[in-house]
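Chemist: next one to model:
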Amino acid sequence: MSNQIGRSATSICVNIAESKYAHGCADFIAKLEIALKETNETGKWLEMIWKSGYIEEMEYRTLNRKCSTIRFLLVKSVTTAKNNLKNS
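Modeler: Residues are numbered from 1 along each chain as shown. From the prediction side, this is the model:
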């Protein structure tokens, strides 16, 4: 499980970084949507490792709150980018 969460969590960062040099708005949106999917996966892995007893509830809550914040920011960014693409 730790390998899976490591992969999904690092993929978030990498896809956000790649979005900075996207080949246009559609590519930018695609990279952020991949990061969003990975954020969702990371959140699920966090829940699973907490329910399996690998981490304490307080640590889970802290990490899950951070993951949720990233998810929220990505949703807003994707929505804004899609609106900008539609209005251009």
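Chemist: gap between stretch 35-54 and the chain center?
Modeler: On the basis of CA atoms, centre = their mean, to the nearest Å, stretch 35-54 sits 11 Å off its chain's mean C-alpha point.
Chemist: check stretch 9-20 too.
Modeler: 9 Å.
Chemist: same deal with stretch 21-32?
Modeler: When distances are taken as CA atoms, centre = their mean, stretch 21-32 is centred 15 Å away from the chain's centroid.
Chemist: who touches that stretch?
Modeler: Contact with stretch 21-32 is made by Asn15, Ile16, Glu18, Ser19, Leu74, Ser77, Val78, Ala81, Lys82, Asn84, Leu85, Ser88, as judged by CB atoms under 8 Å, 6 or more residues apart in numbering. (C-beta placed from N, C-alpha, C; glycine too.)
Chemist: which non-adjacent residue is nearest the third one?
Modeler: With CB to CB, 6 or more residues apart in numbering as the measure, Lys31 is the residue that lies nearest to Glu18, at 5.1 Å, once sequence neighbours are left out.
Chemist: do the same with the fifth one
Modeler: If you skip the residues right next to it in sequence, Leu74 has Leu36 as its closest partner in space, 4.4 Å away by CB to CB, 6+ apart.
Chemist: just the buried subset of the contacts of stretch 21-32, please.
Modeler: Buried members of the contacts of stretch 21-32, counted by 16 or more other CB atoms under 10 Å: Asn15, Ile16, Glu18, Ser19, Leu74, Ser77, Val78, Ala81.
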